[in-house]
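*Asks:* Next input, structure requested:
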Amino acid sequence: MTSGLASEVTAASAGPADRLVAAIEGRTATIAVVGLGYVGLPLAVATADAGFPVIGFDIDPAKIESLAAGRSYIRQIPDEATERLASGGRFRPTADMDLLAEADAILICVPTPLGTHREPDLTYVERTTRAIAARLRPGQLVVLESTTYPGTTTEVMRPILEEGGLRSGRDFLLGYSPEREDPGNPIHGTASIPKVVAGDGPDALRAASALYGAIVRQVVPVSSPAAAEAVKLTENIFRAVNIALVNELKLVYDAMGIDVWEVIEAASTKPFGYMPFQPGPGLGGHCIPIDPFYLTWKAKEFDVATRFIELAGEINTAMPKHVVDSLARALDASVGRGLNGAEILVLGLAYKRNVDDTRESPALRLMELIEARGARAGYHDPLIPVLPPTREHAALAGRRSVDLSPESLQRYDAVVLATDHDSLDLPLIARHARLIVDTRNAFGRAGFSGPTIVKA
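*Replies:* Residues are numbered from 1 along each chain as shown. As a prediction, the model looks like this:
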């Protein structure tokens, strides 16, 4: 009797972090994932697989319907995973934000795009935070996973969440843990990628670390949400700057008659002090073309210049124009005509190999630039049968992928390889295309060469 009374007193006096950690350890904590896209859906799958009840929120009714039926709408997530979600009894997909009140932890995975002047657009983060604030109850943990500038969690989210009178660290817990998804990566999935975790205070850090420690193999705690926000930006700025460097080297070496891909391959044999990056037609995806500018915007508040980042952005943004200029020169040299009136086929429209995601894809910009020069641009992408609508490339929406055959290839004056999916039939293309402009060295890697293959 005395022991039971002591346990009751201890439970009653425990703080929100203690109670939440106990629920996490017992797998009784309900976890909400807000935003079921390329980040949120893999996280929901991993969380449910770890034994937690999960509520998945999204404003798109088609996603909710698909998940309820056990169907995946993201290529990297197989149907067997969503079937497991639907049949396991631990996952509820919904658009009803009132169910947020049932969650013990709420993980936010919503887009953070750029505005028209490269300023951060936190519309989705702020809307989601206000929806949570309207339903916030004591003891809940709220964690932002979306990429953003240092200070967002405590300077933007915390004031909104505290508008109702509850206080971070006393009544509820607030944290930041940047997503590290790599769509199309067959080796590193959500559960195997180390998770950087930060909390607004020690209790929040403890609770967030306990939660992610139950989902992924390794948790990397850092001192503050701002530090964790900076970690994510640093990772993507590192890639953006180094990709810009090899893109610039491509231009320099091309002018000298040197194959940049040969140089990179040989340099990669050095076992220390070098890391290979590959040039291409520009940057795509939601992270690398966008995230660096979150830091450039925030740095202005401190009167600090971000010259490397801005220069890298200029170089990478200019790459589609370089490709089109190379295409025009190759057409002139091979068939004695320019782009005006030409028929061009762009191979691969996704922003990276083996994914079905066109966000910020440089291939879309290539098509626009080709048509601005008076040519007609079709495309072939086995993973994107129809082009979805986008804010920046509305005129391209609805176009359909061209089937590849000897006859269809010969109808085009040139093909431009923009994204080197493994499923592209390179031998067929090499045999029947009149002219190939290869921005990824895919044909060179496959052993094809000759006067009709031009690297750009």
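*Asks:* What segments of the stretch 351-456 of the chain are helices?
*Replies:* All helices of the stretch 351-456 of the chain, identified by DSSP state H, counting those that start in this stretch, fall at 362-372, 406-410, 426-432, 442-445.
*Asks:* what's the burial count for the residue nearest to Glu392 when sequence neighbours are not counted?
*Replies:* The shortest distance from Glu392 to any non-neighbouring residue, by CB to CB, 6 or more residues apart in numbering, is to Leu364 (7.5 Å). To be clear about C-beta, it is placed using only N, CA and C from the backbone, and glycine gets the same treatment. Neighbour count for Leu364, taken as other CB atoms under 10 Å: 25.
*Asks:* Can you pull out the low-pLDDT segments for the protein?
*Replies:* 1-14 (pLDDT under 70).
*Asks:* Which parts of it belong to which domain?
*Replies:* Taking automatic domain parsing as the domain assignment, the record places the domains of the chain at 2-227, 257-455.
*Asks:* just so I know, which of those domains lies nearest Ala240?
*Replies:* Evaluated with CB to CB, these place domain 257-455 nearest to Ala240, the distance being 5.0 Å.
*Asks:* quick one on the thing from earlier: hang on, the residue nearest to Glu392 packs against Ala350?
*Replies:* No: counting by CB atoms under 8 Å, Leu364 does not reach Ala350; the two are 10.2 Å apart.
*Asks:* what comes up buried for the strand or helix carrying Ala22?
*Replies:* Per DSSP states H and E: Ala22 is located in helix 16-25. Going by neighbour count (16 or more other CB atoms under 10 Å), the buried part of helix 16-25 is Pro16, Ala17, Arg19, Leu20, Val21, Ala23, Ile24.
*Asks:* any chance of those residues in JSON lines, plus distance to Ala46?
*Replies:* Shown next, in JSON lines, are the buried residues of helix 16-25 (distance: CB to CB, whole Å):
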{"residue": "Pro16", "distance to Ala46": "24"}
{"residue": "Ala17", "distance to Ala46": "23"}
{"residue": "Arg19", "distance to Ala46": "24"}
{"residue": "Leu20", "distance to Ala46": "19"}
{"residue": "Val21", "distance to Ala46": "19"}
{"residue": "Ala23", "distance to Ala46": "18"}
{"residue": "Ile24", "distance to Ala46": "14"}
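*Asks:* Now distance to Arg239 too, for the domains of the chain, in TSV please.
*Replies:* Below are those laid out as TSV (distance: least, CB to CB, whole Å):
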stretch	distance to Arg239
domain 2-227	11
domain 257-455	5
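*Asks:* These: which one's closest to Asn247?
*Replies:* Among these, the nearest to Asn247 by CB to CB is domain 257-455 (4.8 Å).
*Asks:* start to end distance for the closest one?
*Replies:* End-to-end distance of domain 257-455: 11 Å, with CA to CA, to the nearest Å as the criterion.
*Asks:* residue closest to the middle of this protein?
*Replies:* With distances taken as CA atoms, centre = their mean, the residue of the chain nearest its centroid is His286 (4.5 Å).
*Asks:* State the helix or strand in which that one lies.
*Replies:* His286 belongs to no helix or strand when assigned by DSSP H and E.
*Asks:* closest to Thr234 out of the domains of the chain?
*Replies:* domain 257-455 (8.5 Å).
*Asks:* chain center to that closest one: distance?
*Replies:* 18 Å (CA atoms, centre = their mean, to the nearest Å).
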